[in-house]
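Asker: Quick one: sequence and predicted model below, then my questions.
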Amino acid sequence: QLQLAESGGGLVHPGGSLRLSCVARGVTLNSYAVGWFRQAPGKEREEIACIATGHEETVYTKAVKGRFTIGRDNANNAVFLQMNSLTPEDTGVYYCARVYYAQFGSCGTVPASESWGQGTQVTVST
């Protein structure tokens, strides 16, 4: 079970940007595929992006492709999510988690052994 902590959320105007960070403790995060998820108010949690081990394949859901970028920050043992051109529909709590894989245009599921962190709140509003 990985210990991951999300940060970087906040309140931003439509069209603005935020950069989220997912930091790992006790493990080298570069050795795992990682996904970013979000849960909008009243909706189920959905996976929006994932990255394979190392610096290989990245996958995005249609809703965020072209606006969000997932990447690794190995110096800080982290995975980031750069979010640009934000809209009110991006509002929600954002989580990161280990996933089984990120390849062939698909993100794997979260292993049952993993637990969710507290997430970080992103609010896009005027």
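Answerer: Great, that's in hand.

Asker: Please read off the pLDDT at the closest residue to residue 107 other than its chain neighbours from the model.
Answerer: Distances taken as Cβ to Cβ, 6 or more residues apart in numbering put residue 50 closest to residue 107, at 3.7 Å, once the chain neighbours are dropped. For glycine as for every other residue, the C-beta is placed from the backbone atoms N, C-alpha and C. At residue 50 the predicted local confidence, pLDDT, stands at 96.

Asker: For residue 50, name its beta-bridge partners.
Answerer: With DSSP bridges applied, residue 50 shows beta-bridge pairing to residue 35, residue 59.

Asker: I'd like to know how far it sits from residue 124.
Answerer: When distances are taken as Cβ to Cβ, to the nearest Å, residue 50 and residue 124 turn out to be 22 Å apart.

Asker: again, but for residue 20
Answerer: From residue 20 over to residue 124 (counting by Cβ to Cβ), the distance is 13 Å.

Asker: residues touching the residue nearest the centre of the chain, list them.
Answerer: Among the residues of the chain, the smallest C-alpha distance to the mean C-alpha position (Cα atoms, centre = their mean) belongs to residue 36, namely 2.2 Å. Shown here is residue 36, whose contacts under the criterion Cβ atoms under 8 Å, 6 or more residues apart in numbering are 20, 22, 47-50, 70, 79, 81, 94-96.

Asker: hmm, try it at 7 Å
Answerer: For residue 36, the residues meeting the contact criterion (Cβ atoms under 7 Å, 6 or more residues apart in numbering) are 48-49, 70, 81, 94, 96.

Asker: One more: residue 5?
Answerer: The contact partners of residue 5, by Cβ under 7 Å, 6+ apart, come to 23, 117.

Asker: Repeat that for residue 61.
Answerer: Contacts of residue 61 were listed using Cβ under 7 Å, 6+ apart, and they are 47-49.
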